[in-house]
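[1] One predicted model, sequence on top.
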Amino acid sequence: MSAREKGWKEIAPAGVCSKPSITFLTGDWKTYMPVRDLEKCTRCLLCVLFCPDGAIHWKPEKSDIEFDYNFCKGCGICANECPTKAITMKVE
Amino acid sequence: MKSVVKQERMALSGDEAVAYAVKQSDVDVVAAYPITPQTIIVERFSEYVANGEVQTEYICTESEHSALAACLAASVTGARTFTASASAGLALMHEMLFVTSGCRAPVVMAIANRALSAPLNIHGDHSDSMAQRDSGWIQLYAENAQEVYDSIIQAFRIAEDVDVLLPIMVGLDGFTLSHTLENVDTLPDDAVKQFVGSRKFPNVLTHEGKKAPFKLDPETPMTMGPIALPNYYFEFKRQQEEAMKNALSVIQKVNSEYAKISDRSYGNGLIEPYRLDDAEIAAVCLGSTAGTMKTIVDALREKGVKAGLLRLRTFRPLPIEDLRSALCNVKAVAVMDRCMSFGGHGGPVFHEIRNVLYDADVRPYVVNYIYGLGGRDTSPLELRSIYSDLQRIVAAKRVEKPIQYLGLRE
């Protein structure tokens, strides 16, 4: 247990969050990570819609998508749904 | 100092007394699902809603699990919230009981204590609420319809105290109290409204780094009870234990403040000793049984027997020091349980009382009487035999059979 963790008298009741959820980088849960073949990808954005964690972002300035590995849990739904099989799951 | 207010005597069953107390307590949300012998509580209250006598939002849910989920959700937004249940209904709430106490939501619930199936039985015993002993709820047990009425009003003050913030259940013995008409002195509406006041909230630090009142409000977003992993869960549970300890003094304070306006109090709010000061033998019981026990104590006292009674009004938090100092000078104690703890050493109240007395300098003999399960009537003659047994134990200087079944056919 880290010495930085607070004691029971110092924390708010009922598990009230002390930090916003965006500061908890849950991407380290994953074993597999999605990797994209840029030749095969048609930018159809189905992966963006299917990602249950909102971890695939459309970047209009690049006209392309981007995986957010800080939050991707490696579930593989994007790879499964990709119509051109452009996404493969690789061991991290 | 407040003075006693003029009161109106009404004929109310225990269930009706609950509904009337809730009506007067300025409750924002009631969500409930009917179950015998609690049904009259929510029936009466739904009539108040239909007649426009209260401003309460009344939610009919599809189950008790949902009823408590609705109460929890309303409570964390700052609403004063009430529900009622019994037996299988309370059992179905089991999961949500822990979520409610863990979220520190001061929901008030009346329990018309009833046996659990199987075999199916709708009558009174304490199996339902005793099974929820460790769910983090404060538990009060009332002796009569008057105390039911008074305790429900007090319950809002106790639960909502910022040093407590815990849900509370008030037990009334199924049928014996829930369905029996009694004289109940009721306070005027404004006196109750003034006594319960409005909810207060401690300030907490939110994830945005703001200090905000501890409630869900779109102006000051916060997240309650989401997830706490091994590094923090334990700390939140320790906070709940501290809140229980704080409740001991809050219950006493509310009991004495209520006495100022009503001229009624129940011991110190935690325990009610009856002719116990110089008693050599004593019984410990919860709820309506105490009424009969007091008449037996009176009869024994007339014959010169130094008998006494301790009614445990607050079972959670357990008033450890009060119990020990009240019982440590008695020679033999009979602990009465209207519930079984299968495979254990006696009933749940027995566990507690023996545990508490272990640290006394001189330990009384302690014997357990399990009685009245599934509404089994316990006669004054049977109850009186407890004191005869205690006299024999004192004379023999030993407890031959620590666990006894009272009124059971062999």
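    It's in.
[2] can you pull the pLDDT of residue 14?
    I'll assume chain A. Note for A:Ala14: predicted pLDDT of 95.
[3] Hmm, no, I was thinking of chain B.
    The model reports B:Gly14 with a pLDDT of 98.
[4] Hmm, it is touching B:Leu181, no?
    No - under the criterion of CB atoms under 8 Å, B:Gly14 makes no contact with B:Leu181, lying 9.2 Å away. Bear in mind the C-beta positions are built from the backbone N, C-alpha and C, glycine included.
[5] Neighbour count: the two, which is higher?
    When B:Gly14 and B:Leu181 are compared for neighbours, B:Gly14 comes out ahead with 32 against 12, by other CB atoms under 10 Å in any protein chain shown.
[6] residues contacting that one?
    B:112, B:142, B:144-145, B:148, B:172-173, B:177-180, B:182 (CB atoms under 8 Å, 6 or more residues apart in numbering or on different chains).
[7] one more time with 6 Å
    The contact partners of B:Gly14, taken as CB atoms under 6 Å, 6 or more residues apart in numbering or on different chains, are B:145, B:148, B:172, B:177-178.
[8] for B:Trp137, same thing?
    Counting by CB under 6 Å, 6+ apart, B:Trp137 touches B:101, B:167, B:169.
[9] What of B:Glu53?
    Not one residue lies near B:Glu53 by CB under 6 Å, 6+ apart.
[10] what are the phi and psi angles of it?
    Main-chain dihedrals, B:Glu53, degrees, to the nearest 10: phi -80, psi -20.
[11] which of the contacts of B:Trp137 count as buried?
    Among the contacts of B:Trp137, those buried by neighbour count (16 or more other CB atoms under 10 Å in any protein chain shown) are B:101, B:167, B:169.
[12] Which members of the residues you listed occur in strands, if any?
    Members of these lying in strands (criterion: DSSP state E): B:Met169.
[13] out of the buried ones among the contacts of B:Trp137, who's nearest chain A?
    Set against chain A, the nearest of the buried ones among the contacts of B:Trp137 by CB to the nearest CB is B:Ser101 (9.5 Å).
[14] what's the closest non-adjacent residue to that closest one?
    Residue nearest to B:Ser101 in three dimensions, not counting chain neighbours: B:Gly136, with 2.9 Å by CB to CB, 6 or more residues apart in numbering or on different chains.
[15] Against chain A, how distant is the one you found?
    Going from B:Gly136 to chain A by CB to the nearest CB, to the nearest Å gives 11 Å.
[16] and that residue, how many neighbours?
    Using other CB under 10 Å, B:Gly136 has 21 other residues around it.
[17] Quick one: name the residues of chain B near chain A.
    B:103-104, B:204-205, B:207, B:222-225, B:228, B:231, B:235-236, B:238-239 (CB under 6 Å from any CB of the partner chain).
[18] Could you work out the most separated pair of those residues?
    Across those, the longest distance by CB to CB is 21.8 Å; it joins B:His207 and B:Arg238.
[19] helix, strand or coil for the closest residue to B:Glu400 other than its chain neighbours?
    In space, and not counting its chain neighbours, B:Glu400 is closest to B:Ile393: 7.8 Å by CB to CB, 6+ apart. Assigned with DSSP: H, G, I helix; E, B strand; the rest coil, B:Ile393 falls in the helix class.
[20] isn't B:Ile393 right next to B:Ala334, touching?
    No - if you go by CB atoms under 6 Å, B:Ile393 and B:Ala334 don't touch, sitting 8.8 Å apart.
[21] Those two - which one has more neighbours?
    The neighbour count for B:Ile393 versus B:Ala334, taken as other CB under 10 Å, is higher for B:Ala334 (26 against 23).
[22] Can you name every helix or strand that the lengthiest helix in chain B contacts?
    Longest helix in chain B by number of residues, with DSSP state H as the criterion: helix B:233-262. With contacts taken as 3 or more CB pairs under 6 Å, 6 or more residues apart in numbering or on different chains; DSSP states H and E, helix B:233-262 sits against helix B:145-160.
[23] Give the other helices and strands that the helix it packs on contacts.
    With contacts defined as 3+ CB pairs under 6 Å, 6+ apart, helix B:145-160 has these neighbours: helix B:14-24, strand B:108-113, strand B:168-173, strand B:182-186, helix B:189-196, helix B:233-262.
[24] Spatially nearest residue to B:Val4 (excluding sequence neighbours)?
    Nearest one to B:Val4, counting by CB to CB, 6+ apart, is B:Asp263 at 4.5 Å.
[25] So what's the residue count around B:Asp190?
    10.
[26] quick one: pLDDT of it?
    In this prediction B:Asp190 is given a pLDDT of 97.
[27] any idea how far chain A is from it?
    Distance from B:Asp190 to chain A, by CB to the nearest CB: 32 Å.
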